[in-house]
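>>> sequence and predicted structure below; questions after.
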Amino acid sequence: MKLNLDVVKSLLASPKDIVILSHRNPDGDAVGSSLGLLHYLKSQGHSVKIVLPSDYPDFLGFLPAVSDIVIYDDETEDARRAIDQAGLFFILDLNSFDRIDKVSAGLDNDKRPRIMIDHHMYPEPIADEIFSDTSFSSTCEMIYQFMDDLGHAGWVTRDVADCLYTGIVTDTGGFRYATSARLFRIVSKLIEAGTDDYKIQDSIWNTMTEKQLRILGHCLANRMEIDPELRTGIIWLTQEDYKHFDIKRGDTEGIVNYVLRMPKMMIAAFIHEQPTIVKMSIRSKGEMDVQQICKAHFRGGGHKNASGGVSFAPLGTTINKFKNLLPDYAQEIDTAYHNFNT
Ligand code: 5GP
Ligand code: MN
């Protein structure tokens, strides 16, 4: 889905109060695309606020203006005031209002214009203008495209570039997934704008704490189950694990991917017990589509190779449910494996 650029240009023709919204548990792409767009829109004379439902992970603390982000859970009044005053909304890196829950209260029937930019599958019609394309690695890549489409690639400053580069690196796992010739062309422009590739990659990847390394060790040593036939690995964490290791949001980032380091594995699931729900992150390789699994069984979705969902059953029941549905996908797993290796 493409934007009507004339409509977008006229919306941006005069200075506006703009609010940028992105999803709960924001990742590098949500935060990077929001901040990249903020720096660009500010350079065009707009007043811009970013409202995120929940806090961003510490490792993103180096991004320019990250501390100005309004976190709805912590600063609800400020967030509400910004939303009330907005004359225009950008909705980034999300395809449904479910992913911003309370923040979207009242927006369903709100008449103020909304522009959505997102690379997830099955976008819901939650904006007047929608730029949705799953061929993009990240929303950050799309923000560059958006600026270029507006004839404003020249406004990609160092700050814009650093933010967009960060989301591209995190959403592609360091240029391992969802890359394309277009992506590398865009990345070359970001580096020309001054982004220090080495330094940002270091800020993203080499930021683990001792605690996080020990949690990773615990997961791999004691909480991993491998099914060689169905080419699937499950890693799980209990509420007791959360207490014992004092696990906070972000401490388990990336653990799921370790399963896929085994060449014969096609699906990796990380299933963890939260105070009231069980959350899961599922990853896959090649043609194996885990988005459909999350959508069909765990009220979730996402991308073909990276999806998530929730369960309201206890942890053990959820793990068993996941294991029991895998045989239904045996054929698909096998085909994906063989095609991946030919
Ligand atoms: P993660 O596993 O890193 O939390 O999320 C991976 C991807 O899955 C995200 O980009 C997001 O699109 C999707 N995702 C994660 N959790 C949910 C969920 O509860 N609902 C939906 N619809 N998508 C999710
Ligand atoms: Mn993204």
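Ah, there it is. Numbering: from 1, shown residues only. Ligands and ions are numbered 1, 2, ... in the order given.

>>> can you confirm whether the lengthiest helix in the chain lies near ligand 1?
Determined from DSSP state H, the single longest helix within the chain is helix 28-43. No - where contact is defined by Cβ under 6 Å from any ligand atom, no part of helix 28-43 touches ligand 1; the two come within 7.8 Å at best. Bear in mind the C-beta positions are built from the backbone N, C-alpha and C, glycine included.

>>> try stretch 163-170
No - Stretch 163-170 does not reach ligand 1 (Cβ under 6 Å from any ligand atom); its nearest approach is 10.0 Å.

>>> can you give me how far that stretch is from the chain middle?
11 Å (Cα atoms, centre = their mean, to the nearest Å).

>>> stretch 307-322 too?
Centroid displacement of stretch 307-322 relative to its chain, using Cα atoms, centre = their mean, is 21 Å.

>>> hmm, who's touching that stretch?
Contact with stretch 307-322 is made by 234, 236, 238-239, 269, 271-273, 277-282, 290-291, 293-295, 297-302, as judged by Cβ atoms under 8 Å, 6 or more residues apart in numbering.

>>> buried sites along it?
Residues of stretch 307-322 classed as buried by neighbour count (16 or more other Cβ atoms under 10 Å): Ser307, Gly308, Gly309, Ser311, Leu315, Thr318, Ile319, Phe322.

>>> same check on stretch 256-265?
Val256, Asn257, Tyr258, Val259, Leu260, Met265.

>>> now the helices for the stretch 151-300 of the chain?
Along the stretch 151-300 of the chain, the stretches classed as helices by DSSP state H, counting those that start in this stretch are 158-171, 181-192, 197-205, 210-222, 239-244, 291-297.

>>> ligand 2 contacts on this protein?
Asp29, Asp93, Ser138, Thr139, Asp171 (Cβ under 5 Å from the ion).

>>> spatially nearest residue to the last one (excluding sequence neighbours)?
With Cβ to Cβ, 6 or more residues apart in numbering as the measure, Ser138 is the residue that lies nearest to Asp171, at 3.7 Å, once sequence neighbours are left out.

>>> any idea how far that neighbour is from ligand 1?
Distance of Ser138 to ligand 1, given as Cβ to the nearest ligand atom, to the nearest Å: 10 Å.

>>> now Cys163
Cys163 is 18 Å from ligand 1, where distance means Cβ to the nearest ligand atom.

>>> equivalent analysis for Thr172, please.
When distance is defined by Cβ to the nearest ligand atom, Thr172 is 12 Å away from ligand 1.

>>> repeat that for Asn320.
Distance, Asn320 to ligand 1, by Cβ to the nearest ligand atom: 20 Å.

>>> cool, Met121 as well?
9 Å.

>>> distance check, that residue against ligand 2.
12 Å (Cβ to the ion, to the nearest Å).

>>> list the contacts of whichever residue of the stretch 101-250 of the chain sits closest to ligand 1.
Residue nearest to ligand 1 within the stretch 101-250 of the chain: His120 (5.1 Å; Cβ to the nearest ligand atom). Applying Cβ under 8 Å, 6+ apart, we find His120 in contact with Asp93, Leu94, Asn95, Ser132, Thr134, Gly301, Gly302, His303.

>>> at 6 Å instead, please
Applying Cβ atoms under 6 Å, 6 or more residues apart in numbering, we find His120 in contact with Asn95.

>>> confirm it sits in a strand?
No - the assignment for His120 is coil, going by DSSP: H, G, I helix; E, B strand; the rest coil, so no strand is present there.

>>> where in the stretch 1-150 of the chain is pLDDT low?
Counting by pLDDT under 70, the stretch 1-150 of the chain shows no low-confidence range.

>>> mind jotting down where the helices sit in it?
Taking DSSP H, counting those that start in this stretch, the helices of the stretch 1-150 of the chain run over residues 5-11, 28-43, 76-85, 139-149.

>>> now the second one against helix 197-205, angle please.
Going back to what we said before, that points to helix 28-43. Helix 28-43 runs at 130 degrees relative to helix 197-205, counting by axes from the mean of the first three to the mean of the last three Cα atoms, to 10 degrees.

>>> check the third one too.
The directions of helix 76-85 and helix 197-205 differ by 130 degrees, with the same axes, to 10 degrees as the criterion.

>>> please begin residue numbering at 11 from this point
That works, and once the first residue is 11, the last one we named lands at helix 86-95.

>>> helix 86-95 - contacts with which helices or strands?
Helices and strands touching helix 86-95, by 3 or more Cβ pairs under 6 Å, 6 or more residues apart in numbering; DSSP states H and E, are strand 27-31, strand 57-62, strand 80-81.

>>> which parts of that helix are buried?
Using 16+ other Cβ under 10 Å as the test for burial, helix 86-95 gives Ala89, Arg90, Ala92, Ile93.

>>> so which pair among those is furthest apart in space?
Arg90 and Ala92 (7.4 Å; Cβ to Cβ).

>>> please parse this structure into its domains.
What automatic domain parsing lists as the domains of the chain is 15-215, 222-350.

>>> angles on the backbone of the nearest residue to Glu239 once chain neighbours are set aside, please.
Residue nearest to Glu239 in three dimensions, not counting chain neighbours: Ala340, with 7.9 Å by Cβ to Cβ, 6+ apart. The phi and psi values for Ala340, taken as degrees, to the nearest 10, are phi -50, psi -50.

>>> tell me how far Ala340 lies from ligand 2.
Distance, Ala340 to ligand 2, using Cβ to the ion: 30 Å.
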